[in-house]
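Below are the sequence and a predicted model; questions follow.
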There are 2 protein chains.
Amino acid sequence: MKSFDFIFPTRMRVGADRMQELGVTAREYGTHAFVVLDPFLKGSQTAASILEDLRQNGVEHTVYYDVMPNPRNTMIDEGIVLCRAAKCDVVVVVGGGSAIDTAKAIALVAVHGGTCWEYTERAGETVQRPSTPGLPLIVCPTTAGTGSETTACAVINNPSEVRKCTIINPVIYPTVSIIDPKIMLSVPPLLTALTGIDTFAHSFEAFICSGSNAISDMFALRSMELFAQNIRTAVQNGSDVEARSQLAMSCAMGGAALFNAGVCLPHALGQPLSAFTDAPHGGTLAACLPQVIEWTLPYAQDRFARVAEIMDPMGVQGMTIEQKAYQLPKIMHALYQDLDVHVSFSGYGLKLDDLDAFIELCFTAFRQDIEKHPKPVTRENIREVLEMCM
Amino acid sequence: MKSFDFIFPTRMRVGADRMQELGVTAREYGTHAFVVLDPFLKGSQTAASILEDLRQNGVEHTVYYDVMPNPRNTMIDEGIVLCRAAKCDVVVVVGGGSAIDTAKAIALVAVHGGTCWEYTERAGETVQRPSTPGLPLIVCPTTAGTGSETTACAVINNPSEVRKCTIINPVIYPTVSIIDPKIMLSVPPLLTALTGIDTFAHSFEAFICSGSNAISDMFALRSMELFAQNIRTAVQNGSDVEARSQLAMSCAMGGAALFNAGVCLPHALGQPLSAFTDAPHGGTLAACLPQVIEWTLPYAQDRFARVAEIMDPMGVQGMTIEQKAYQLPKIMHALYQDLDVHVSFSGYGLKLDDLDAFIELCFTAFRQDIEKHPKPVTRENIREVLEMCM
């Protein structure tokens, strides 16, 4: 067994209606919360209940709605200023991955100072990596997708540099994550599908990449099982609480796998695509997963075969390891059909003219992911895979 | 999916030769370590290396060898006095479950004051349950058994009251656990077998008990798989590093399962047996597991069947769920034969005259475990099961 480190410090509170514990939980950590709410909650009954719950538990709040997909460094920096000015002592976030990443960066930088971009990993540049925590952070995800509720990563988009980079630091692990499937019931089918594929990608990449280990594999495999067994139901019937619960669990497990093992080529392609086109993260991954598998084979054949068994146990019965592995891209395409997901890099607006700059960004901001891919990757290989994805 | 909380804050460092990082790790947390060493290490090269490593990393040390199986409250209290007197700022432990539990109690009480017994769970009595941590604690297990490296429990024996009770508090979770299979190579076959069965019992009980949840099940199932696949090899060839690694992983996973789900009737019987007879913990569990399964059936049939599939996949092929479940006691007895484990409650010295006091202890100190058993348990039932175990 190979050596590894593992960390998973977030306290999990999982189950239907657990959101009702948000006020009590926040009060354990502070008396003035900086509350990051996903913009879709603006004016909603949910938002009103959250703030009333905080108030009733003796927690003042400063509310912040300025979150957008692929959150921008400049907007996060504005949030940091507000959080410090209000002297908040705890950060609460209710939202999708962009809201959670925004809140993570605010909680960290509000304590340590400067701008959020200084804390992102950028190969060859100076990076702030504090070893003490920021403000306590309570996370309530509203999608089963990013896994940000169980990672110490925050992805930040810097449009002025056309770069998307990531804060990766154990001190930004959420203090508590409250995972309540009921708040996910209204997520529309396509977003359910794309965030679900994001979850799958985390576990899949954690499982095949060179950073995988005995515990991350356990999380990744169970996460993929729960995804395979529940994604179709959740997309077809969004109000199925059980399917939503299982996908939320799949997502949280995927986060633990990804943070401890890492990700590989699909994320190294997907993240730059969002930086260039603002495409949704899950969609960018969906648009390259089958192509990356095809290109990678016969490398990692055993692992791909195992994933094929999880994704389509009946379909691959009796096949050899090799046959199962080569079946996986087809299994993914069939899943996309069922989920009504039809995406491509060109469909998201990437142009062939952008490929050089795109490849450059892959190798600067996402080098750590490329290096973990089970097959060696050159700049020329990336061009080849990108062309398959157009 | 039912609601649950999950916590697993210990930072894990796993792998052969990772013990070499102990000094560096201790230095991250303090400059004067209270070092609890299992007595079997006294005068050993290992002990000398550990202390030299601490010294070279700028960590002074106060060494403490006064550990015994089923650690006594009075001895732990002496350790607490020494730890406070030396103004230690970090606790390090290298040893089996008794040493680890001793160190956990010392790290907690050195900060919070009083005696260790005041912190143990005792139904109906006043219990100290601080919400802030004790001293940072670095744990290096030398057996794959108790799972104490990944729990926030410390079992303490109080001979003057003939009671064994447990500190259960998230704040005593080890800060870091360094899991190095190489330090386990010299564990003799019988101890390997009994500590292995302890590991199995944790995962098994966590899986069948009413406290089980989606994440604890994942840990428990994987832990049982690793146990089933490696225990025979490790007992037959103690120097097999790979088998030792997998069992160490099984043990750490079992700890996470047990702390988050709980245990049930086997632990409620095994712990009092140690209080009455000083029998080794793993042996007490081995001596009642098949009997508890027999007595519990047909309750929890699905779960027992799943365990039977893990323990003897070939042997139960083609059987119904019911048949698999009823096969499990036989599978356990066959395993004991292979491991040369021959234990019983009477063999450990329990007398029929002690049964009333024994049953009383079960219902005071271990009520929380009894209440989690998948079949309701009365005092009369305990007598019945105990008679099966004699």
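Perfect, I can see it now. Numbers count the residues shown, from 1 in each chain, chains lettered A, B, ... in the order given.

Next one: A:Val111 from chain B, what distance?
Counting by Cβ to the nearest Cβ, to the nearest Å, the gap from A:Val111 to chain B is 20 Å. (Glycine included, C-beta is placed from N, CA and C.)

Ok, A:Asn57 next?
A:Asn57 sits 17 Å away from chain B, taking Cβ to the nearest Cβ as the criterion.

With A:Phe276 instead?
To chain B, A:Phe276 is 37 Å away according to Cβ to the nearest Cβ.

Repeat that for A:Ile178.
Separation of A:Ile178 from chain B (Cβ to the nearest Cβ) stands at 10 Å.

would you list every one of the strands in chain A?
A:4-6, A:11-14, A:32-37, A:60-64, A:90-95, A:137-141, A:153-158, A:163-168, A:176-179 (DSSP state E).

If you average pLDDT over each of the ones you listed, which is lowest?
Lowest mean pLDDT of those: strand A:163-168, a mean of 89.

Distance from that strand to the middle of the chain?
In this view, strand A:163-168 has its centroid 12 Å away from the chain centroid, taken as Cα atoms, centre = their mean, to the nearest Å.

is chain B contacted by that strand?
No. Strand A:163-168 is not in contact with chain B by Cβ under 8 Å from any Cβ of the partner chain; minimum separation 15.9 Å.

For that strand, name the packing helices and strands.
Here strand A:163-168 is seen to pack against helix A:97-112, strand A:153-158, helix A:265-277, helix A:355-365 when contacts are counted using 3 or more Cβ pairs under 8 Å, 6 or more residues apart in numbering or on different chains; DSSP states H and E.

number of nearby residues for the closest residue to chain B within the stretch 151-300 of chain A?
At 4.0 Å from chain B, A:Ser245 is the closest residue in the stretch 151-300 of chain A, using Cβ to the nearest Cβ. A:Ser245 has 26 neighbouring residues, counting by other Cβ atoms under 10 Å in any protein chain shown.

Do I have it right that it meets A:Ala144?
No. The pair A:Ser245 / A:Ala144 is not scored as a contact, 9.1 Å apart, by Cβ atoms under 8 Å.

dump the residue contacts of the residue of the stretch 151-300 of chain A closest to chain B.
A:15-16, A:181, B:1 (Cβ atoms under 8 Å, 6 or more residues apart in numbering or on different chains).

possible to save the residues you listed as CSV with distance to B:Leu194, neighbour count and pLDDT?
Supplementary listing: the contacts of A:Ser245 in CSV, determined by distance: Cβ to Cβ, whole Å; neighbours: other Cβ atoms under 10 Å in any protein chain shown; pLDDT from 0 to 100:
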residue, distance to B:Leu194, neighbour count, pLDDT
A:Gly15, 37, 22, 97
A:Ala16, 42, 18, 97
A:Pro181, 42, 25, 97
B:Met1, 35, 18, 91
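
Could you single out the nearest of the residues you listed to A:Ser346?
Checking these against A:Ser346 with Cβ to Cβ, the nearest one is A:Pro181 at 35.4 Å.

what does chain A put close to chain B?
When proximity is defined by Cβ under 8 Å from any Cβ, chain A lies next to chain B at A:1-9, A:11-16, A:18, A:181, A:213-215, A:218-219, A:222, A:242, A:245-246, A:249, A:253.

Narrow the residues you listed to those in helices?
Secondary-structure check on these using DSSP state H: residues within helices are A:214-215, A:218-219, A:222, A:242, A:245-246, A:249, A:253.

Narrow those residues to those that are buried.
The neighbour count (16 or more other Cβ atoms under 10 Å in any protein chain shown) marks A:214-215, A:218-219, A:222, A:245-246, A:249, A:253 as buried among those.

Quick check: the farthest pair among the residues you listed?
Across those, the two members that end up farthest from each other (Cβ to Cβ) are A:Ala214 and A:Ser245, 26.5 Å apart.

how about A:Pro9, what does it touch?
In this structure, A:Pro9 makes contact with A:170, A:173, B:8-9, B:11, judged by Cβ under 8 Å, 6+ apart.

Go again with 10 Å.
Going by Cβ atoms under 10 Å, 6 or more residues apart in numbering or on different chains, A:Pro9 touches A:150, A:152, A:170-171, A:173-175, B:7-11, B:173.

now A:Ile179
Applying Cβ under 10 Å, 6+ apart, the residues contacting A:Ile179 are A:12-15, A:18-19, A:139-141, A:144, A:149-150, A:245, A:248-249, A:251-252, B:3, B:6.

Now it: closest residue in space, sequence neighbours ignored.
Spatially, and ignoring its direct neighbours in sequence, A:Ile179 is nearest to A:Val14 (4.5 Å; Cβ to Cβ, 6 or more residues apart in numbering or on different chains).

any idea how far the closest residue to A:Pro189 other than its chain neighbours lies from A:Gly255?
Counting by Cβ to Cβ, 6+ apart, A:Pro189 lies nearest to A:Val235, which is 5.0 Å off, once chain neighbours are set aside. The spacing between A:Val235 and A:Gly255, counted by Cβ to Cβ, to the nearest Å, is 21 Å.

And the two? Which one has more around it.
A:Gly255 (31 against 24).

Report the contact partners of the residue lying closest to the more buried one once chain neighbours are set aside.
With Cβ to Cβ, 6+ apart as the measure, A:Gly147 is the residue that lies nearest to A:Gly255, at 2.9 Å, once sequence neighbours are left out. Contact partners of A:Gly147, counting by Cβ under 10 Å, 6+ apart, are A:97, A:100, A:141, A:153, A:195, A:198-199, A:201-203, A:206, A:223, A:250-259.

Show me which of those are buried.
Under a neighbour-count criterion of 16+ other Cβ under 10 Å, the subset of the contacts of A:Gly147 counted as buried comprises A:97, A:100, A:141, A:153, A:195, A:198-199, A:201-203, A:206, A:223, A:250-259.

returning to what we had before: which pLDDT value goes with the residue nearest to A:Gly255?
The score at A:Gly147 is 94. That number is its pLDDT.

how close does it sit to A:Met253?
Separation of A:Gly147 from A:Met253 (Cβ to Cβ) stands at 8 Å.

Spell out which residues are contacts of both of the two.
A:199, A:202-203, A:206, A:223.

Look at the closest residue in space to A:Gly124 that isn't next to it in sequence and say how many residues are nearby.
Spatially, and ignoring its direct neighbours in sequence, A:Gly124 is nearest to A:Thr364 (7.5 Å; Cβ to Cβ, 6+ apart). As a burial measure, the neighbour count of A:Thr364 was computed by other Cβ under 10 Å and equals 15.

again with the one 4 residues further on
Look at A:Gln368: counted by other Cβ under 10 Å, it has 17 neighbours.

And stretch A:157-175, what's buried?
When neighbours are counted by 16+ other Cβ under 10 Å, the buried residues of stretch A:157-175 are found to be A:157-158, A:163-169, A:171-175.

biggest separation within those, which pair?
Farthest apart among those by Cβ to Cβ are A:Arg163 and A:Thr175. That separation is 29.0 Å.

can you list residues touching both of A:Ser245 and A:Ala144?
In terms of Cβ under 10 Å, 6+ apart, A:Ser245 and A:Ala144 are both contacted by the residues A:179, A:181, A:184, A:226, A:230, A:234.

Just the pLDDT for the residue nearest to A:Gly124.
The predicted local distance difference test score for A:Thr364 is 84.

Check A:Val162 too.
Reading off the per-residue confidence, A:Val162 sits at a pLDDT of 82.

And for A:Arg72?
94.

do the one 5 residues further on as well
pLDDT recorded at A:Asp77 is 97.

distance of it from chain B?
With Cβ to the nearest Cβ as the criterion, A:Asp77 and chain B are 31 Å apart.

got the contact list for the residue nearest to the spatial centre of chain A?
Nearest to the centroid of the C-alpha atoms of chain A, with distances taken as Cα atoms, centre = their mean, sits A:Thr146, at 2.5 Å. Under the criterion of Cβ under 10 Å, 6+ apart, the neighbours of A:Thr146 are A:96-101, A:153, A:155, A:195, A:198-199, A:202, A:251, A:254-255, A:258, A:281-282.
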